[in-house]
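> Give the three-dimensional model of this entry:
(one chain, ligands or ions: 1)
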Amino acid sequence: MNRTTVTAPTTGCAELLAAITDPSGREILDPATGELVGRAPESTVADLDRALAGAREKQPEWAAVPDAERCAVLHRAADAIEAAAPALAELLSREQGKPVHNGPNALFEVGAAAAWLRATASLPLEPETLFDDESGTAVLSYEPVGVVGAISPWNWPIMISVWQIAPALRMGNTVVAKPSEYTPLSVLALAHVLAEALPEGLLTVVPGGREVGAALSGHPGVDKLMFTGSTATGKAIMRSAADSLTRLTLELGGNDAGIVLPDADARAIAEGLFWGAFINTGQTCAALKRLYVHEDVYDDVCEALTEVAAAMPMGEGRDERNVLGPLQNRAQFEIVAGLVEQARAGGGRVLIGGNPEENRPGHFYPTTLVADLDDDNPLVTQEQFGPALPIVKYSSVDDAVRMANRLDAGLGASVWSSDADRAREVAARVRAGTVWINKHGAVDPRMPFGGIKGSGFGVEFGVEGLKALGVPKVVAF
Ligand code: NAD
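Model prediction:
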């Protein structure tokens, strides 16, 4: 198989944009300023058919490449991303809104995408001897699924696309990726950069709206669909995938609870709580979305968290002072604003934020903390996916666990305490795919990650995540 090597690094953001945009395509506006970033090409169903046919044709050739060589290609793909990191991060910031520099933002996302490729290439996956005794021998291994469809959301477009693409390629599959219609440029730019390192035909991007996603998920040319997005769309995808029996990994919405135990040190945990909730301006699947605080430390936690929140500048992404950006789109802004109003109406005490500046360009919603909420307030029960954290006071840990578990979401959760054993006991009772202790949302390419209940099924990352991009095969003799 021909393999191109990494050539000169892709230059600036303007060159990247020139390479991927279509003058008659979909307008993509900067969520911080409303200015035009570029126009994204739109795929038709015929384009999708062509992309899937190409992926089908290429797949056996790629599957025949030895695993070690496929891993070497993933490392070269990581090199290409690293070489283009400043340009990719600038484009990502302009399209998605997150600041370029500070904190877990655009450069972090691009760096994480490269790191994920490398980590995925380093995971051990050997054939497993199930038994080898007088009755015989059985060996389990994983073969490629075939053609993988990858549908991604707009919050971490580059990183989430890599989460889908890297294990799919490692396992010998080819990929057709459908980015969110809100952030297609970042994913097109990613694919453009990866083309320097990947053999032709392994990855094709089909930008477009929901109809392209729907056509991809119902297409008989897809063997496995990786979907990250909302629970409602996940259900629609499952319905369209039924006729072709397409295998699914569904990473869906979360409404992660954090439980602060009575022995927690408010000042010590405040910054961790803040980033757990407000990373990417709250637009993160596994962000802390509802906080339960024991009455003994409630006032201290509210005060310490408010102080941290007040010190975090929000604004346009290329201004190096900012650590938080706007919401990516108006619809999300309206959801957050509506939920905060319902929290106010329900007796919530706004500790900070809650009043978006009128006439400010862009979709900026201020960092908002709302205390004294009832557990059935919509800001608690619905996923806000933005910078507004509800805080609920509790007096018994049993109640806190019951409240944490009562919703139909189970992506992540966290327990905050100065006593590690006590925290682990409580973590064992919380129903979620991952429970962190004294941190929140810290995903790791070595740790399987996925949701339960309405947050979906299947896992990404780790050896389990690789297996999810393969089909098991037993040879018994
Ligand atoms: P969304 O479901 O609206 O869109 C996600 C993608 O699905 C987009 O590419 C969209 O075009 C496509 N799509 C829409 N309708 C479709 C259909 N009928 N068939 C096929 N594809 C379709 O989600 P979003 O608003 O982009 O993302 C936010 C949501 O994603 C939040 O709920 C968040 O919690 C969730 N999310 C989950 C994870 C996770 O790992 N579990 C990670 C990030 C985001």
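
> going forward, measure contacts between C-alpha atoms and count neighbours the same way
OK.

> where are the low-confidence patches of the chain?
Within the chain, the stretches with pLDDT under 70 are 1-10.

> could you dump the longest strand along it to CSV, C-alpha only?
Longest strand in the chain by number of residues (criterion: DSSP state E): strand 136-144. C-alpha atoms of strand 136-144 as CSV (Å, rounded to 0.1, in the frame of the first residue of the first chain):
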residue,chain,number,x,y,z
GLY,A,136,-8.8,-28.4,22.9
THR,A,137,-7.7,-24.8,22.3
ALA,A,138,-9.7,-21.7,21.6
VAL,A,139,-8.2,-18.4,20.5
LEU,A,140,-10.1,-15.1,20.4
SER,A,141,-9.0,-12.2,18.2
TYR,A,142,-10.6,-9.1,16.7
GLU,A,143,-11.0,-8.5,13.0
PRO,A,144,-11.9,-5.2,11.4
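
> mind listing what's buried in that strand?
For strand 136-144, burial by neighbour count (16 or more other Cα atoms under 10 Å) applies to L140, S141, Y142, E143, P144.

> what lines up beside it in the sheet?
Strand pairing for strand 136-144, using DSSP bridges, gives strand 128-133 (antiparallel), strand 470-476 (antiparallel).

> what packs against the longest helix anywhere in the chain?
Counting by DSSP state H, the longest helix found in the chain is helix 45-63. Taking 3 or more Cα pairs under 8 Å, 6 or more residues apart in numbering; DSSP states H and E as contact, the helices and strands that helix 45-63 lies on are strand 147-151, strand 174-178, strand 203-205, helix 210-217.

> closest one to the ligand among those?
Proximity to the ligand (Cα to the nearest ligand atom) singles out helix 210-217 among the helices and strands packed on helix 45-63, at 3.4 Å.

> That closest one close to the ligand?
Yes - Helix 210-217 reaches the ligand (Cα under 6 Å from any ligand atom) through R210, G213, A214, S217.

> Out of those residues, grab the one that's most surrounded.
S217 (29 neighbours; other Cα atoms under 10 Å).

> Show me the helices in the stretch 151-300 of the chain, by range?
Taking DSSP state H, counting those that start in this stretch as the criterion, the stretch 151-300 of the chain carries its helices at 157-170, 184-194, 210-217, 231-241, 266-278, 298-310.

> Dump those into CSV; add distance to T204 as well.
Below are the helices of the stretch 151-300 of the chain laid out as CSV (distance: least, Cα to Cα, whole Å):
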stretch, distance to T204
helix 157-170, 10
helix 184-194, 8
helix 210-217, 13
helix 231-241, 20
helix 266-278, 33
helix 298-310, 41
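
> dump the residue contacts of G25.
If a contact means Cα atoms under 8 Å, 6 or more residues apart in numbering, then G25 has R39, A40, P41, E42 as its contacts.

> ok, of these, which one's closest to the ligand?
The shortest gap between the ligand and any of the contacts of G25 belongs to E42, at 11.7 Å (Cα to the nearest ligand atom).
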